[in-house]
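Enquirer: take this sequence and fold it.
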Amino acid sequence: MHITALALSPSAPFLKPKNLLNRNPNPSPGVVPVQLHLLTSTNGLSCHRSSSLFSSLSSVLFPYPNPRFSGFKFRASSVPENAEETEKSSNLGGILQLGSMFAIWYLLNIYFNIFNKQILKVYPFPATVTAFQFGCGTVLVILMWAFNLYKRPKISKSQFSGILILAVTHTMGNLLTNLSLRKVAVSFTHTIKAMEPFFTVVLATLFLGEKPTLPIVSSLVPIVGGVALASFTESSFNWTGFWSAMASNLTNQSRNVFSKKFMVNKEGALDTINLFSVITIISFLLCTPVAIFIEGIKFTPSYLQFAASQGLNVRELCVRSLLAGICFHSYQQVSYTILQMVSPVTHAVGNCVKRVVVIISSVIFFQTPASPINSLGTGVALVGVFLYSRAKRMKPKPKAA
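Expert: Residues are numbered from 1 along each chain as shown. All right, here's what the predicted structure looks like:
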């Protein structure tokens, strides 16, 4: 449906309608200002308007020549009949924004895993690397609050006790993940981490009393079977790397369960961005003394020179460590931002796709050897994760009275 509107406008570019309308604020008695709106709708039919219509209309409105109105002419403009076009463009803009957010999330993940693995190969101190990454995140959070890019939260004592538990599990999860990445290939670590849904179901059943549905339980079978098949045929298999990745699954999913348990009260609760920011700062304060206690102070010239002898010079090590720390915090920040924009199920599906992207990119970049059975196991596990995400979307049927 097309709509045509006639608008009256001055032909001279220097005339301003606003000044013209306000030229005589106190009109003479008997003079009534009139506004004319002429709308013609075609209603889907072909309709033609000749220029004679505008001429006749002009003669009706202004039968006598008047220099005051000689500078005006009629023009036709198109106006939308309803807000459908605006709504479509708004939806398209939202889709493009969300798509770009997912692309940034995946890209930051790829770069983080590549940089992180390169660092851990020549600098075998996962606790120190983890503390440095939390330190980079802490600096970014402080800058974000200092420049008012995001409002700084006010935390009560009751909130802090719950956040502290989340920070402890968050710290342990990332520390164990880096330990696994130090020992085994990136692709294998992420294949093991595909078992996160299994730990989610077990912990939710034990601590939250949630009973999983049959589709959810069924989706766990290919996850466990695929990870087992990939583990048996993994060329870089290492028990320390395997159990570290398994333990990171346990701690990360414990964090999610505790967040549900301690953040039930929505009144005064932190939003996801500030919650993650506070957790990052606490994790830095927790991880730094742990790293010093376990590994000692490793930011010394001798240890940096040792890393240089393994293939990365000191400058490359520092630059890649900084980039890994920025990517580490940024991809998690983007992940929490996406979680505010979509449903948890959609976010879980996106996380599954992210894992596929990371595994494929790491295999290509590091030239990781993978047998057909190993690839099959990884694929089966990832399909199981996707089925789990779909099963979570299914609502249980209400029981008949």
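Enquirer: CA atoms for contacts and neighbours, from now on please.
Expert: Will do.
Enquirer: all helices for the stretch 151-300 of the chain, in order.
Expert: Using DSSP state H, counting those that start in this stretch, the helices of the stretch 151-300 of the chain run over 157-183, 186-192, 196-203, 214-232, 239-262, 272-295.
Enquirer: so which of these is the most surrounded?
Expert: For these, the largest average neighbour count (mean count of other C-alpha atoms under 10 Å) is found in helix 186-192, namely a mean of 25.
Enquirer: quick one: the spatially most central residue of the chain from residue 304, how far?
Expert: The residue lying closest to the centre of the chain (C-alpha atoms, centre = their mean) is residue 338, at 3.0 Å. Using C-alpha to C-alpha, to the nearest Å, we find residue 338 at a distance of 37 Å from residue 304.
Enquirer: and residue 355, by the same measure?
Expert: Taken as C-alpha to C-alpha, the span from residue 355 to residue 304 is 32 Å.
Enquirer: residue 167 is in contact with residue 282, correct?
Expert: Yes. Counting by C-alpha atoms under 8 Å, residue 282 does reach residue 167; the two are 6.2 Å apart.
Enquirer: count of neighbours near residue 300?
Expert: 8 (other C-alpha atoms under 10 Å).
Enquirer: for residue 213, give me phi and psi.
Expert: Backbone torsions of residue 213, given as degrees, to the nearest 10, read phi -80, psi 170.
Enquirer: on that earlier part again, pretty sure the residue nearest to the centre of the chain is in a helix, no?
Expert: Yes. Under DSSP: H, G, I helix; E, B strand; the rest coil, residue 338 falls within a helix.
Enquirer: residue 101 is in contact with that one, correct?
Expert: Yes. Counting by C-alpha under 8 Å, residue 101 is a contact partner of residue 338 at 7.0 Å.
Enquirer: the residue nearest to the centre of the chain: what's it in contact with?
Expert: 98, 101, 102, 347 (C-alpha atoms under 8 Å, 6 or more residues apart in numbering).
Enquirer: that one and residue 278: what is the separation?
Expert: 18 Å.
Enquirer: residue 210 now?
Expert: Distance, residue 210 to residue 278, using C-alpha to C-alpha: 28 Å.
Enquirer: what of residue 211?
Expert: 32 Å.
Enquirer: with distance to residue 133 and mean pLDDT added, can I get the helices of the stretch 151-300 of the chain in TSV?
Expert: As requested, those are exported to TSV (distance: least, C-alpha to C-alpha, whole Å; pLDDT from 0 to 100):
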stretch	distance to residue 133	mean pLDDT
helix 157-183	10	91
helix 186-192	18	91
helix 196-203	23	86
helix 214-232	28	90
helix 239-262	17	83
helix 272-295	8	92
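Enquirer: including distance to residue 112, could the ones you listed go into TSV?
Expert: Output for the helices of the stretch 151-300 of the chain, formatted as TSV (distance: least, C-alpha to C-alpha, whole Å):
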stretch	distance to residue 112
helix 157-183	11
helix 186-192	11
helix 196-203	20
helix 214-232	23
helix 239-262	17
helix 272-295	17
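Enquirer: among those helices, which is nearest residue 359?
Expert: helix 186-192 (4.6 Å; C-alpha to C-alpha).
Enquirer: chain center to the closest one: distance?
Expert: 22 Å (C-alpha atoms, centre = their mean, to the nearest Å).
Enquirer: who are the neighbours of it, in terms of helices and strands?
Expert: Applying 3 or more C-alpha pairs under 8 Å, 6 or more residues apart in numbering; DSSP states H and E, one finds that helix 186-192 contacts helix 157-183, helix 214-232, helix 239-262, helix 344-366, helix 372-393.
Enquirer: need these in TSV with distance to residue 322, can you?
Expert: Shown next, in TSV, are the helices and strands packed on helix 186-192 (distance: least, C-alpha to C-alpha, whole Å):
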stretch	distance to residue 322
helix 157-183	16
helix 214-232	32
helix 239-262	23
helix 344-366	20
helix 372-393	31
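Enquirer: which other helices and strands contact the longest helix that the chain contains?
Expert: Longest helix in the chain by number of residues (criterion: DSSP state H): helix 84-122. Contacts defined by 3+ C-alpha pairs under 8 Å, 6+ apart place helix 84-122 against helix 157-183, helix 301-309, helix 314-341, helix 344-366.
Enquirer: which SSE is immediately downstream of that helix?
Expert: Sequence-wise, the next helix or strand downstream of helix 84-122 (DSSP states H and E) is helix 126-146.
Enquirer: could you tell me the angle between that next one and helix 272-295?
Expert: 150 degrees (axes from the mean of the first three to the mean of the last three C-alpha atoms, to 10 degrees).
Enquirer: quick one: helix 126-146 to helix 157-183, angle?
Expert: Using the same axes, to 10 degrees: helix 126-146 against helix 157-183 is 140 degrees.
Enquirer: ok, residues contacting helix 126-146?
Expert: Contact partners of helix 126-146, identified using C-alpha under 8 Å, 6+ apart, comprise 120, 150-152, 174-175, 178-179, 182, 277, 280-281, 283-284, 287-288, 290-292, 294-295, 298, 321-322, 324-326, 328-330.
Enquirer: got the buried residues for it?
Expert: 126-138, 140-141 (16 or more other C-alpha atoms under 10 Å).
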